[in-house]
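In: just the structure for this:
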Amino acid sequence: MPKAKGKTRRQKFGYNVNRKRLNRNARRKAAPRIECSHIRHAWDQTRSVRQNLADMGLAMDPNRAVPLLKRKVKALEVDVEEGPKELMRKPYVLNDLEAEASLPEKKGNTLSRDLIDYVCYMVENHGEDYKAMARDEKNYYQDTPKQIRNKINVYKRFYPAEWQAFVDSLQKNKMEVE
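Out: Residues are numbered from 1 along each chain as shown. Below you'll find the model as predicted:
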């Protein structure tokens with residue numbers, strides 16, 4: 001059935017509405033993305049942040065969770081009672097976080113293949129003579145002797161087992177030549 005004539009109002013643009021503030025408030029009210037997957041899956045949208053974290057055994061305010069000890073020693077400390085501990089409804093979240101934190105950290109820093117080849121070439125041809133390395137034609141970046149020494153030390157620090165194997169192979173080659 002059609003609408004009665006004149007009952008619909010045309011939508012008018014609200015010129016007196018501050019769009020910037022409106023969008024900012026809408027962004028604030030929208031729930032942020034929780035990066036930690038353990039917390040995100042256990043999150044309850046109907047509860048507050050404090051209640052959610054308390055359910056997981058986490059603290060909203062670390063200053064209240066671990067209070068500072070007072071300097072003055074009170075005579076009547078025996079009378080002080082602790083309030084009831086909050087019940088942890090989701091202890092698996094805390095267990096998962098602790099398990100993830102106890103895993104060994106991945107070694108993310110590696111050297112480029114070019115730098116490794118450069119260091120091996122320099123040590124193979126010049127040994128410990130950093131000045132000769134600086135004058136070498138393969139020193140494309142015109143590194144100073146100290147810069148070359150630092151690159152070699154970085155390689156030694158990152159790959160100690162490979163460095164030892166490389167030095168041993170150099171010693172073996174030197175013995176075979178003699």
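In: low-confidence ranges, the protein, go.
Out: Low-confidence segments of the chain, defined by pLDDT under 70: 1, 72-86.
In: max-length helix in it?
Out: Counting residues, the longest helix found in the chain (DSSP state H) is helix 160-177.
In: buried ones in it?
Out: By neighbour count with 16 or more other Cβ atoms under 10 Å, helix 160-177 contains the buried residues Trp163, Phe166. (C-beta placed from N, C-alpha, C; glycine too.)
In: ok, now stretch 141-153?
Out: Asp143, Ile148, Lys151, Ile152.
In: nearest residue to the third one in space, ignoring adjacent ones along the chain?
Out: Nearest residue to Lys151, sequence neighbours excluded (Cβ to Cβ, 6 or more residues apart in numbering): Val119, at 5.9 Å.
In: check the secondary structure at the residue nearest the centre of the chain for me.
Out: Closest to where the C-alpha atoms of the chain average out (Cα atoms, centre = their mean) is Glu105, at 10.5 Å. Here Glu105 is coil, with the state taken from DSSP: H, G, I helix; E, B strand; the rest coil.
In: the one 4 residues further on now?
Out: Classification of Asn109 into helix, strand or coil gives coil, according to three-state DSSP.
In: where exactly do the helices run in the protein?
Out: Under the criterion DSSP H, helices of the chain are mapped to 19-29, 37-42, 49-56, 62-65, 91-102, 113-126, 130-135, 145-158, 160-177.
In: elements contacting the last one?
Out: Right, helix 160-177. Other helices and strands packing on helix 160-177, by 3 or more Cβ pairs under 8 Å, 6 or more residues apart in numbering; DSSP states H and E, are helix 113-126.
In: just the angle between the helix it packs on and helix 145-158, please?
Out: Counting by axes from the mean of the first three to the mean of the last three Cα atoms, to 10 degrees, helix 113-126 lies at 110 degrees to helix 145-158.
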